[in-house]
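Asks: 3D model of this:
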Amino acid sequence: MTSTSVARKLVLMAGNPNSGKSTLFNLLTGLNQKVGNYPGVTVDKKTGVLELGAFKEIEILDLPGAYSMYPSSKDERIVVRQFLETKPKPDLILYVADLSQLEKQILLLTQIIDLGLPVILALNMADMTGITIQTHILEEHFKIPVVLISGKTSFGITALKMQMNFMLYEKFVAKEPYYKFTAQEKKLTDQFKNSVSSTTDYGRLLTLHHGAWIDNIPNEMRQEIKEKSEKEGFNPIQSQIHETMDRYDRFTPVIRKALHLVPGGAGAKITDRIDKWVMHPVLGSIIFFLIMLLIFQAIFAWAEWPMNFIEYSMGELNLGIRHLLPTGWISDLLCDGVLAGLTGILVFIPQIAILFLFIGILEEIGYMSRAVSMFDMMMRKFGLNGRSIVALVSGGACAIPAIMSTRSISNWKERLITIMVTPFISCSARIPVYAILIGFAVPKGRLFGFEQQGLALMGLYGIGIMAALTAAYILKKLLHSSDRSFLMMELPVYRPPVIKNLFYLVIEKTKSFVLGAGKIIIIISLVLWFLASFGPAMKSVAGESQPMDKSHIAKLAIQDSYAGILGKFIEPVIAPLGFDWKMGIALISSFAAREVFVGTMATIYRIEDDSDVASIRTRMAEDRHSDTGVLVYNPATTWSLLIFYAFAMQCMSTLAIVKRETRSWKWPIIQFVMMTGLAYLASWLVYHWLK
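Replies: Take a look at the predicted model:
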């Protein structure tokens, strides 16, 4: 056996969206996979490693789903670039197609065959009832091996691995091109045989089509392509249409001969029945919001105890380190800086895991694509996309996983707008703030049978939704993009979820958050710790040697720290909103997370246990301005503060994830200024209206 035969091999997995690629990828690679990004974009790049016989290291790259080599989205452009630009060329293409949608998913396969690459066709859903397929007919026609598999039951995976092993040795490719060029296409591509690097005529034809944006084409070549295309009267659109129709005319009769679908089988009958309800213009919307309400409630109910466990565990670890280390700035740095930052990361894991578990279930069963299709037209009026509805609804639990879920939006403008407006939706971190403040602004009682304070809470959520849609509409007018936006997606038959897929999805998304945003969160936490722990009047809070009670030390620490000084410094700025310097400190400290507002108020009002919400309310309710005797938390000030927290970007974790997803500090800075400016203006109007 030669050394070449056992060298590292590259296998590309290609196919249409919803074809079962991800399921097969997980079956082949298990947890031996990693997620990165393609250069210049935030689309996930999933790679895994497989050991197969003598091939000790086979790298498998799961390409984004695509319909053809003529891209209509950034995902599809990535696929085209991978085939036309990337070197070295792949050793094997593993093309995955869904048997129940086979006729619609073969176009891309024939185009890949014409690029002169070894290809295996893996037909997924082979265990589905009501389908029979004669694979030998497909093998004879396409001149490639065909393997039946089932991602659900793992049927055919061993046979597929054996075929992959054989193809990696033999590198068998189809000898004849599938598509027959027109005379004009042949004449034009022949002129670039020596200048375009592609080894096949079809690769050169695609270069003529996409030369304007393919990176490995020099500017001189682009100009030459343009001039010769005009001289020959080459029309790219007509060429694409002719090619597509020719390919369909060739393979459609073959597919229909080889594939037999039993009428009413393959889940089609059940799917049609469900869709009559799910896709109904009125009932479909109600069903969607009921499902999202169920998810929203589950995120609160299921995430509560693991979040409490994480906070308790980190608190115990904090106490343990404080007992082990001598009192001083090192102990404070580790406990109040590093561990506080880690807690801010880890505490989000349950919500992220639960949210993506439910999103994964909805995607696996085939519902999510239907919801996206239903709301697409409505969301476009606001500059959004049908896929934006998922992020906006899940933002009610936490903006971080909601923003991460926007990766499914291929249009950059619509994805950016969704990222920018999602934090307007009131998240669970705002609830502790709302719970305390609403009691000062709204008296207990009922209105039309509903609790007034509960209606106020609903109103704050409604304000956030209106703000998000309004901001989206404004950004739609301000942001300019040449990308054409339209939705094209397959509506698959309903099917049970694959447990392994859900497991890998949750692990992948959770790990991505912890490793990605975590670094930034810890850095910002350390900065906030420094501001709250040091000041010009003392070396460190921990270094205070005068005998005094714990709450008094805490109060002095905040007043004399840089954060306290900053609170007093910004008091003239926030005074028009009805806020005092204490609220200024809360605004600064709660930038780490909105719920920190409760802990800050507890410290300021000499409450050692910030979980005693009733005591916090009592102290805050009794607080009066020393010069006027007016209640600090009067209705005008309280509503002003509520509106400020409803609109303001008071969450460093969200800013960190926005920076990560947009790959720039530009957009989180714009987002922070936009939301804070709106919060200030709205709070000022509310305060002066109610004062």
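
Asks: Can you name the residues that contact Gly454?
Replies: Contact partners of Gly454, counting by Cβ atoms under 8 Å, 6 or more residues apart in numbering, are absent. The way it works is simple: take the backbone N, C-alpha and C, and place the C-beta from them, glycine included.

Asks: Mind pulling up the pLDDT for it?
Replies: Per-residue confidence (pLDDT) for Gly454: 72.

Asks: Could you do Asn124 as well?
Replies: Per-residue confidence for Asn124 comes out at a pLDDT of 90.

Asks: isn't Pro443 right up against Gln452?
Replies: Yes. Here Pro443 reaches Gln452: they are 6.8 Å apart, a contact under Cβ atoms under 8 Å.

Asks: more crowded one of these two?
Replies: Counting neighbours by other Cβ atoms under 10 Å for Pro443 and for Gln452 shows that Gln452 has the greater number, 15 against 9.

Asks: Distance of that one relative to Ala646?
Replies: Counting by Cβ to Cβ, to the nearest Å, the gap between Gln452 and Ala646 amounts to 18 Å.

Asks: Same check on Met368?
Replies: Between Met368 and Ala646 the computed distance is 29 Å (Cβ to Cβ).

Asks: go on, Thr29?
Replies: Distance of Thr29 to Ala646, computed by Cβ to Cβ: 44 Å.

Asks: ok, now Phe289?
Replies: Distance check for Phe289 against Ala646: by Cβ to Cβ, it reads 21 Å.

Asks: top helix in this protein by residue count?
Replies: Of all segments of type helix in the chain, defined using DSSP state H, the longest is helix 283-324.

Asks: Remind me what the following helix or strand past it packs against, helices and strands.
Replies: The element immediately downstream of helix 283-324 (helix or strand, assigned by DSSP states H and E) is helix 329-332. Contact analysis of helix 329-332 by 3 or more Cβ pairs under 8 Å, 6 or more residues apart in numbering; DSSP states H and E lists helix 499-533 as its packing neighbours.

Asks: so for stretch 462-480, what's the average pLDDT?
Replies: Mean pLDDT, stretch 462-480: 90.

Asks: Any buried residues in that stretch, and which?
Replies: Of the residues in stretch 462-480, 463-465, 467-469, 471-473, 475-476 count as buried by neighbour count, 16 or more other Cβ atoms under 10 Å.

Asks: now that stretch: how far from the chain's centre is it?
Replies: 20 Å (Cα atoms, centre = their mean, to the nearest Å).

Asks: Tell me the pLDDT of the closest residue in space to Thr418 that isn't next to it in sequence.
Replies: Taking Cβ to Cβ, 6 or more residues apart in numbering, and ignoring the residues beside it in sequence, Thr418 has Ser388 as its nearest neighbour in space, at 4.3 Å. pLDDT, Ser388: 83.

Asks: for the stretch 501-650 of the chain, what spans make up the helices?
Replies: Secondary structure of the stretch 501-650 of the chain (DSSP state H, counting those that start in this stretch): helices at 550-560, 562-569, 571-574, 581-589, 596-604, 613-622, 635-647.

Asks: Okay, helices next: where are they in the stretch 51-200 of the chain?
Replies: Read by DSSP H, counting those that start in this stretch, the stretch 51-200 of the chain holds these helices, from start to end of the chain: 74-84, 107-113, 135-142, 157-170, 183-190.

Asks: Pop the domain breakdown of the chain in here.
Replies: The record, using automatic domain parsing to delimit domains, assigns the chain the ranges 4-170, 183-261, 283-437+467-506, 514-690.

Asks: What residues does Thr271 make contact with?
Replies: In this structure, Thr271 makes contact with 366, 493-494, judged by Cβ under 8 Å, 6+ apart.

Asks: Which residues outside stretch 139-150 are in contact with it?
Replies: The set of residues external to stretch 139-150 that reach it, using Cβ under 8 Å, 6+ apart, is 24, 109-110, 113, 119-127, 133, 135, 138, 155-157, 159-160, 163, 167, 174-176, 178, 251, 254.

Asks: how about Leu109, what does it touch?
Replies: Taking Cβ under 8 Å, 6+ apart, we find Leu109 in contact with 95, 97, 119, 121, 142.

Asks: Including pLDDT, distance to Ala183 and neighbour count, could the residues you listed go into a markdown table?
Replies: Rendered in a markdown table, the data for the contacts of Leu109 read as follows (pLDDT from 0 to 100; distance: Cβ to Cβ, whole Å; neighbours: other Cβ atoms under 10 Å):
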| residue | pLDDT | distance to Ala183 | neighbour count |
| --- | --- | --- | --- |
| Tyr95 | 97 | 30 | 26 |
| Ala97 | 94 | 32 | 26 |
| Val119 | 95 | 28 | 24 |
| Leu121 | 96 | 31 | 24 |
| Phe142 | 94 | 25 | 20 |
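
Asks: Please flag which of the residues you listed sit within strands.
Replies: Secondary structure assignment (DSSP state E) places 95, 97, 119, 121 from the contacts of Leu109 within strands.

Asks: Nearest to Arg660 among those?
Replies: Distance from Arg660 was checked for each of these by Cβ to Cβ. The minimum falls on Tyr95, at 32.3 Å.

Asks: correct me, but the closest one touches Ile120?
Replies: Yes. Look at Tyr95 against Ile120 with Cβ under 8 Å: they come within range, at 6.8 Å.

Asks: Please state the offset of the helix or strand Leu362 falls within from the chain centre?
Replies: When elements are defined using DSSP H and E, Leu362 is found to belong to helix 349-365. Its chain's average C-alpha position is 12 Å from that of helix 349-365, according to Cα atoms, centre = their mean.

Asks: got the buried residues for the helix or strand following it?
Replies: For helix 349-365, the following helix or strand on the C-terminal side (DSSP H and E) is helix 368-380. Under the neighbour-count criterion of 16+ other Cβ under 10 Å, helix 368-380 has 368-376, 379-380 buried.
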